[in-house]
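Asker: Okay, sequence plus prediction incoming.
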Amino acid sequence: MKPFYRSSFGTAILILLFSTTPLFPEDFLSGAFWVEYEPIVAGVAYPQSEEEAARLILEEARFVFSGMIYGFTFRYTPSDTAREVEETFALEPIHAIPWGDENLRITGGRVDREFYRAEVLYRLEDFQEGYLSYWSSNTLPSSSGMGAGDLFQGTEGKYDALREGVKEAIRNYLRPRFFNKPREITGEAVLTEAPYVIIDAGRYHARVRVKLDIRELRPYVIY
C-alpha cells in the first residue's frame, strides 16, 4: 500500500505505514515492515544507519511472526472501581523465532522519506506449520482491537501498541458475552495477520486481529 497523508493546522500527519501480504506460498510468512529512519527518540542517531534500521525490522518481524506461529499466553485483570481493583495485563510469547534464524530474511529494503521499509519473508519448518494448523481451527473465536503506544519511546512504543491491541481484542470478545466483570482471565492468543500500524498525534496506533483460546475465567466470589 502507498502512504497517504492528512495535514492541517493543529492536526497531526496521519501516515499509513504498515501493510501485509497473504501467505504465498503456503510455507512462507511474509510482510512489509517499516521503522523511522530519523526516529523521534532521545539518544538515537539522526539518521540511523540502514544496517541498524534493517536490524530493527528483523527484530519486529521476529516478534510478529512468532506471534502468528506460536502465539502468546496472557493474564488479564480488568479494572473495577467499586472493588478498587487496578487493571493489569501480562502478555508473554509462547515461543520465539531465534535471532539469527536463517529462515528469516529481508528480501528488499529502501529509504522512503523519513522511513526505512522492507519486505520480510520467513520460511516455515514442518513443525511450525502444525502450530498454524491448530490455530486455524474454526472452533477458536476471533476478535480485533486497537492499541496505542508513545511515539517518543521508539520501537518499544510500537510494541506497546501491539500488546495493547491484543488486550483490547480480548476485552472486545469478552464484553458482550459476560455481564459480570470477571476477576481474572487467562488463556492464549495468536496473531492472525501482521498488525496494521499508523502514526497519529504523537502515538503509534496498532490494529490487531487475533484468535483466542480462553483457558480460565475466574469470577469474583460472592459471600
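Answerer: Cool, the structure landed. Residues are numbered from 1 along each chain as shown.

Asker: Give me the helix or strand of this protein that scores worst on average pLDDT.
Answerer: One helix or strand of the chain scores below all others by mean pLDDT, DSSP states H and E: strand 15-16, with a mean of 32.

Asker: Give me the residues contacting stretch 178-194.
Answerer: Stretch 178-194 is contacted from outside by 18, 20, 31, 33, 64, 67-78, 80, 85, 91, 94, 135, 142, 166, 169-170, 174, 208-220, using Cβ atoms under 8 Å, 6 or more residues apart in numbering. Yep, even glycine has a C-beta here, placed from its N, CA and C like the rest.

Asker: Among these, name the buried ones.
Answerer: Among the contacts of stretch 178-194, those buried by neighbour count (16 or more other Cβ atoms under 10 Å) are 18, 20, 31, 33, 64, 67-74, 76-78, 91, 135, 166, 169-170, 174, 208-214.

Asker: For stretch 143-151, list every residue counted as buried.
Answerer: For stretch 143-151, by 16+ other Cβ under 10 Å, it's Ser143, Ser144, Gly145, Met146, Gly147, Ala148, Gly149, Leu151.

Asker: what ranges of the protein fall below the confidence cut-off?
Answerer: 1-26, 40-47, 222-223 (pLDDT under 70).

Asker: Show me where it has its helices.
Answerer: 50-69, 126-135, 155-174 (DSSP state H).

Asker: how far off helix 50-69 does the shortest one point, in degrees?
Answerer: Yep, that's helix 126-135 we're talking about. With axes from the mean of the first three to the mean of the last three Cα atoms, to 10 degrees defining the directions, helix 126-135 sits at 50 degrees from helix 50-69.

Asker: can you dump the C-alpha coordinates of helix 126-135 into PDB?
Answerer: What follows is the C-alpha trace of helix 126-135 in PDB, where atoms were taken according to Å, rounded to 0.1, in the frame of the first residue of the first chain:
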ATOM      1  CA  ASP A 126       7.100 -28.500   9.100                       C
ATOM      2  CA  PHE A 127       6.500 -28.500  12.800                       C
ATOM      3  CA  GLN A 128       5.700 -24.800  12.700                       C
ATOM      4  CA  GLU A 129       3.000 -25.400  10.100                       C
ATOM      5  CA  GLY A 130       1.400 -27.700  12.700                       C
ATOM      6  CA  TYR A 131       1.000 -24.700  15.000                       C
ATOM      7  CA  LEU A 132      -0.700 -22.700  12.300                       C
ATOM      8  CA  SER A 133      -3.000 -25.700  11.500                       C
ATOM      9  CA  TYR A 134      -4.000 -25.800  15.200                       C
ATOM     10  CA  TRP A 135      -4.800 -22.100  15.400                       C
END
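
Asker: how about the most centrally placed residue in the chain, what does it touch?
Answerer: Among the residues of the chain, the one closest to the centroid is Leu162, at 3.4 Å (Cα atoms, centre = their mean). Leu162 makes contact with Phe63, Val64, Gly147, Gly149, Pro195, Val197, Ala206, Val208, according to Cβ under 8 Å, 6+ apart.
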